[in-house]
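Asker: the following comprises the amino acid sequence and a computationally predicted model.
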Amino acid sequence: MSKLKSNLINLLLILCSFSVALILSEGVLRLIDRPPLQVAGWKFSQSELEENQLGFRGHPIKYSPEDFVIILLGDSHVEAGACIYDRMPERRLEHHLNTLGKKVKVFSVGAWGYGQDQQLLALREYYQQYRADLVILWQTPENDIWNNMFPTHWPANGTPKPTFWLEGNQLQGPNYKIGDKIPSSRLGLLLHRVLKSSPKRDDAWEKRLPSPYVPLTDYQGTVNQEWQQRWNSDLGFMKAENLASEKSHLSIFLSPQSPRMNYGITLTRKLIKAIESEVIENQGKLLIFRPQKPSKDRLLGEQIFVLNDKYYRASQEQFQETIEEINQGFQEVLIPIGIEDYRVSLEDGHLNQNAVDVVMKDLALELANTVRDRAPDF
């Protein structure tokens, strides 16, 4: 036998042995369920004492036949981690409506990081057991579009989640349900754990998305340094803002809209329409709600922002135009935040506990004519 042939045989034996070892290792890891498979989506996980029957932060879902039932459907604004349990938005809205002489129960459906994709799935789960006369979708425009477009949460390649997509003009999906285990190689998961990395789910998903926003590489006029300053100090996790993919709270301000943003707008509208269809099918009404920030926290006109030697055109007008495009044809209510000190902190733009109470009181006044006495079912 020639030396070359002998070497080839030895190489094949090594490769076969290595392959068998990998297969056996994968089999053993699956048998002992280690590492555990990742789960698509999430719910509230801080305290079982603060969970409702569906696993979301909120009080128990209990109502009488005479109660007008309202659902707050949303994300971390509904979950309201900055508020103590008894002063969550659901409790304050219920309190203020009942103070107006209504007989109302308000419940929370949603968790941090939810786009309309997981909101739709959570609402479907709610309707399997309960009714609702009014569903209030708490809109978070800076988050919602990219929440819907990508298969993981913040930041890039974050926690995997159920995701819908468009084929032509038709809504398809989701790829998973909330709580589904995601099929994966256990050896691959183990390697990611050792390397402290995550599967590149966003990267693979991006291939189906249209092209993102393209910034300017040169600009000779006046520029706004705010984004660069925030990046330098990582204020508000600025370094996790992925403007290259538009998985960013800032992408809704970018002008002109990119093909990817147009896709995200259409996808978001389709998801809201699906939510509305669920509500109507269950004899309810959908209302989109959004608190409006004070003018001091809104962009003034169109500006050019510099970030890492790239230049981004952004404006409040583009932000507003995008929201109007998403909400066209849906009933919505905008509640100005009536106090200046409304943020949880400089880095956290969620409503603080006092602001939640103020906004829910104003929302209750806006809803006074919508909330009616409910005839009991016989």
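Answerer: Alright, I've got the coordinates. Numbers count the residues shown, from 1 in each chain.
Asker: strands of the chain, residue ranges please.
Answerer: Shown for the chain, the strands assigned by DSSP state E span residues 68-74, 104-110, 134-138, 165-167, 170-172, 285-292, 302-307, 310-315, 332-336.
Asker: packing partners of the fourth one?
Answerer: Translated: strand 165-167. Packing contacts for strand 165-167, counted by 3 or more CB pairs under 8 Å, 6 or more residues apart in numbering; DSSP states H and E, involve strand 170-172, helix 259-281. Placement of C-beta: from N, CA and C, glycine included.
Asker: buried set for the last one?
Answerer: Taking 16 or more other CB atoms under 10 Å as the basis for neighbour counts, the residues of helix 259-281 that come out buried are 260-261, 263-265, 267-276, 278-279.
Asker: nearest to V344, of the strands of the chain?
Answerer: Among these, strand 285-292 comes nearest to V344, with 13.4 Å by CB to CB.
Asker: make CSV out of the strands of the chain and add distance to C83.
Answerer: Listed next are those as CSV, based on distance: least, CB to CB, whole Å:
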stretch, distance to C83
strand 68-74, 13
strand 104-110, 11
strand 134-138, 14
strand 165-167, 34
strand 170-172, 34
strand 285-292, 14
strand 302-307, 33
strand 310-315, 31
strand 332-336, 17
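Asker: thinking again about what came up before, and the helices and strands packed on strand 165-167 as CSV, adding mean pLDDT and distance to K5?
Answerer: Output for these, formatted as CSV (pLDDT from 0 to 100; distance: least, CB to CB, whole Å):
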stretch, mean pLDDT, distance to K5
strand 170-172, 98, 53
helix 259-281, 99, 55
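Asker: next, format the ones you listed as a markdown table and append distance to Y219.
Answerer: A markdown table is the format used below for these (distance: least, CB to CB, whole Å):
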| stretch | distance to Y219 |
| --- | --- |
| strand 170-172 | 38 |
| helix 259-281 | 21 |
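Asker: which residue ranges of this protein form helices?
Answerer: For the chain, applying DSSP state H gives helices covering 3-31, 76-79, 89-99, 116-127, 141-149, 186-195, 201-206, 226-233, 259-281, 316-327, 353-367.
Asker: so which of the strands of the chain is nearest G179?
Answerer: G179 lies closest to strand 104-110 among these, at 15.0 Å (CB to CB).
Asker: angle of the closest one against helix 353-367?
Answerer: With axes from the mean of the first three to the mean of the last three CA atoms, to 10 degrees as the basis, strand 104-110 and helix 353-367 are set at 120 degrees to each other.
Asker: need the contact list for T322.
Answerer: When contacts are counted by CB atoms under 8 Å, 6 or more residues apart in numbering, T322 touches 141, 145, 252, 257, 261, 265.
Asker: hang on, I meant L243
Answerer: 213, 215, 250-251, 254, 307, 310, 312.
Asker: pretty sure Y176 is touching W42, no?
Answerer: No: here Y176 lies out of contact with W42, judged by CB atoms under 8 Å, at a distance of 11.9 Å.
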